[in-house]
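Trainee: Structure of the sequence below:
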Amino acid sequence: MTPEALLALARARGLRICTAESCTGGMVAAALTDIAGSSDVVDCGFVTYSNTAKQRMLGVNAETLAVHGAVSEEVAAEMAEGALAHSAADIAVSITGIAGPGGSEFKPEGRVCFAIATKTARTCAETIEFGALGRDKVREAARDHALACLVKAASRSDQ
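Mentor: Okay, here's the model as predicted:
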């Protein structure tokens with residue numbers, strides 16, 4: 001589904017969207033706000049690249065970061081929940097990952113964690129291993145996956 005179709009779906013369902021992005025640096029918000037008229041659906045976007053920003057802007061717990069690291073489903077969930085709490089949105093998507101180059105044995109390049117938080121359902125988080133595609137391709141794949149997550153959340157009957 002295209003960003004235009006996502007906006008139309010959210011608009012038809014009366015839903016507002018926000019984003020909390022780390023490795024994508026605002027690419028999801030940009031994909032949505034590139035479309036004229038998106039302001040009736042998109043509430044805001046948070047780009048929280050540093051751990052300090054994740055804590056300050058989204059309320060991510062320092063202990064969660066220390067125990068699990070920034071690239072984890074636990075942090076992704078807290079990012080999405082924080083974005084929802086600090087916005088007027090009904091759905092929040094978060095993204096945190098290692099776009100590359102680099103990574104480690106334990107957190108390889110191309111690992112990206114996502115979460116969706118809504119006002120009506122339990123927060124869902126997942127990890128996708130995109131692999132070492134190169135920084136640009138990992139970021140694009142993460143953007144597209146996040147948009148698909150938003151479509152799925154906006155399509156749910158409990159919204």
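Trainee: quick one: contacts of the helix or strand encompassing residue 53?
Mentor: In the assignment (DSSP states H and E), residue 53 maps to helix 51-58. The contact list for helix 51-58 (C-beta atoms under 8 Å, 6 or more residues apart in numbering) reads 20, 22, 46-48, 60-62, 65, 70, 75, 78-79, 82-83, 86, 96. C-betas here are computed from N, CA, C, even on glycine.
Trainee: element containing the residue nearest to residue 68 when sequence neighbours are not counted?
Mentor: Distances taken as C-beta to C-beta, 6 or more residues apart in numbering put residue 74 closest to residue 68, at 4.4 Å, once the chain neighbours are dropped. According to DSSP H and E, residue 74 maps onto helix 73-85.
Trainee: Out of the contacts of helix 51-58, which end up buried?
Mentor: Among these, those classed as buried by 16 or more other C-beta atoms under 10 Å are 20, 22, 46-48, 60, 65, 70, 75, 78-79, 82-83, 86, 96.
Trainee: if we can go back for a sec, report the separation between the residue nearest to residue 68 and residue 112.
Mentor: According to C-beta to C-beta, to the nearest Å, residue 74 and residue 112 sit 14 Å apart.
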